[in-house]
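**Q** quick one, structure for this:
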Amino acid sequence: MTKIACVIVTYNRKKLMVEALTSVLNQAEAPEYVVVVDNASTDGTKELLHEQFNFDQKRLFYERSSKNLGGSAGFAQGIQIALKTDCDWISISDDDAIFESGYFIAMRTAMKQHPQQEVFSGSVLLPNGQHDAMHRQVITNERTLTVKPMMENDYRKDFLYDIFSFVGVMLSRNIIERIGVPEQSYFIRYDDFEYALRARKYGQFLNVHNALVLHKTNYTRAAIAPWKEYYVMRNRIASLLKYRGQNRYTRWYCRRFLVRKLLAIALIKNRWCQARPLIHAYRQGYFDGLHNQLGRNQKYLPQ
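**A** Model prediction:
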């Protein structure tokens, strides 16, 4: 029988974490193993989880970091724990991913129908019922690794694509053992992008349209946090240079990416009040990305 391990990473969102974990455990044909990685939450996450769930460290695992190492290190840690079980597949998600009923049944069905497929994902929904387009993308320019999201109509049936996010994606043990774990030095942002590029060497990914996961996010493109944008700039540049190298074309794209981000500050009114910290974050991220200065930057940590 195919065995699944589900990895969930959390930080300071205890109520969402309870909801996310409940949505996994209450599934028909639920995963055989569930690994929760707590990135040193300070809001009582550990206490609440242990009050409501029995972490026996056999089927249900709880691992707490001594400090917040970011989502990238959390996913890497969770995958390493999952690999110590006899699982065949590993599901990856954040604490704001709520799996709808029948999710893992749909995944298991797809595995049987497509035995050669190494990576599956579900369709990500926003609270308003629309698909969250940023989670499933295709590459439109191989030289710059530019992407575009799948369109709403694409979700009417299963489809192949190139770039996944860490919301409702499932990878075979086989491919994880070939590509390794996510890049821990990215901290947050583009760690899933970089991981998808590694996995894509072995073929495109299949999105299962009727496997649904609700993404309870409050992120908007208008209201953004400077500390997060530092990692967006840095890691996007670092991933491009890692896979396409330093050349005239990639350096041009990096400069263009910086200019576009700076222009957005002027054009989007909601960002005016954060103009100065955003400018500093983008400039520092640009410099660090070009020089591959990665890791947890003490100047840019969760606020």
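
**Q** shaky segments in the protein?
**A** 218-223 (pLDDT under 70).

**Q** check whether residue 98 sits in a helix, strand or coil.
**A** strand (DSSP: H, G, I helix; E, B strand; the rest coil).

**Q** just the element for the nearest residue to it once chain neighbours are set aside, please.
**A** Using C-beta to C-beta, 6 or more residues apart in numbering and skipping the chain neighbours, the partner closest in space to residue 98 is residue 214 (4.2 Å). (C-beta placed from N, C-alpha, C; glycine too.) Counting by DSSP states H and E, the element that carries residue 214 is strand 205-215.

**Q** which strands or helices does that strand pack on?
**A** Judged by 3 or more C-beta pairs under 8 Å, 6 or more residues apart in numbering; DSSP states H and E, the packing partners of strand 205-215 are strand 97-99, helix 103-113, strand 119-125, strand 159-161.

**Q** distance from it to the middle of the chain?
**A** In this view, strand 205-215 has its centroid 14 Å away from the chain centroid, taken as C-alpha atoms, centre = their mean, to the nearest Å.

**Q** which residues are contacting whichever strand or helix holds residue 266?
**A** Residue 266 is located in helix 248-267, with elements delineated by DSSP H and E. Helix 248-267 has contacts (C-beta atoms under 8 Å, 6 or more residues apart in numbering) with 143-144, 229, 233, 236-237, 240-241, 244, 271-272, 274-275, 278-279, 282-283, 286, 289-290.

**Q** could you turn the buried ones of those into a ChimeraX selection?
**A** Selection of buried members from the contacts of helix 248-267 for ChimeraX, criterion 16 or more other C-beta atoms under 10 Å:
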select :144,229,233,236,237,240,241,271,274,278,282,286,289,290
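
**Q** and the strand or helix carrying residue 51, what does it pack onto?
**A** Using DSSP H and E, residue 51 maps to helix 45-52. Using 3+ C-beta pairs under 8 Å, 6+ apart, the elements in contact with helix 45-52 are helix 14-25, strand 33-38, strand 60-64.

**Q** just the C-alphas of the longest one, formatted as PDB.
**A** As requested, C-alpha coordinates have been extracted for helix 14-25 and formatted as PDB (Å, rounded to 0.1, in the frame of the first residue of the first chain):
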ATOM      1  CA  LYS A  14      -1.600  28.400  16.600                       C
ATOM      2  CA  LYS A  15      -5.300  28.500  15.700                       C
ATOM      3  CA  LEU A  16      -4.600  28.100  12.000                       C
ATOM      4  CA  MET A  17      -2.200  25.300  12.800                       C
ATOM      5  CA  VAL A  18      -4.900  23.400  14.700                       C
ATOM      6  CA  GLU A  19      -7.300  23.800  11.800                       C
ATOM      7  CA  ALA A  20      -4.700  22.700   9.300                       C
ATOM      8  CA  LEU A  21      -3.700  19.600  11.300                       C
ATOM      9  CA  THR A  22      -7.300  18.700  11.900                       C
ATOM     10  CA  SER A  23      -8.100  18.900   8.200                       C
ATOM     11  CA  VAL A  24      -5.300  16.300   7.600                       C
ATOM     12  CA  LEU A  25      -6.200  13.900  10.400                       C
END
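
**Q** show me the domain layout of the chain.
**A** What the record gives for the chain is the domain set 4-215, 226-290, from automatic domain parsing.

**Q** just name the most buried of these.
**A** Highest mean neighbour count among those (mean count of other C-beta atoms under 10 Å): domain 4-215, with a mean of 19.

**Q** excluding its backbone neighbours, what's nearest residue 43?
**A** Closest residue in space to residue 43, ignoring its immediate chain neighbours: residue 12 at 4.6 Å, by C-beta to C-beta, 6+ apart.

**Q** could the helices and strands packed on helix 45-52 go into CSV alongside distance to residue 70?
**A** Formatted as CSV, the helices and strands packed on helix 45-52 follow (distance: least, C-beta to C-beta, whole Å):
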stretch, distance to residue 70
helix 14-25, 17
strand 33-38, 11
strand 60-64, 15
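
**Q** quick check: which of these is nearest to residue 156?
**A** Nearest to residue 156, of all the helices and strands packed on helix 45-52, is helix 14-25, at 24.1 Å by C-beta to C-beta.

**Q** how far off centre is the closest one?
**A** The chain centre lies 17 Å from the centre of helix 14-25; the measure is C-alpha atoms, centre = their mean.

**Q** which strands or helices does it pack on?
**A** The criterion is 3+ C-beta pairs under 8 Å, 6+ apart, and the helices and strands that helix 14-25 contacts are strand 4-10, strand 33-38, helix 45-52, strand 97-99.

**Q** neighbouring contacts of the third one?
**A** So the one you mean is helix 45-52. Contacts with helix 45-52, where a contact means C-beta under 8 Å, 6+ apart, come from 10, 12-15, 17-18, 21, 36, 38, 55, 62, 64.
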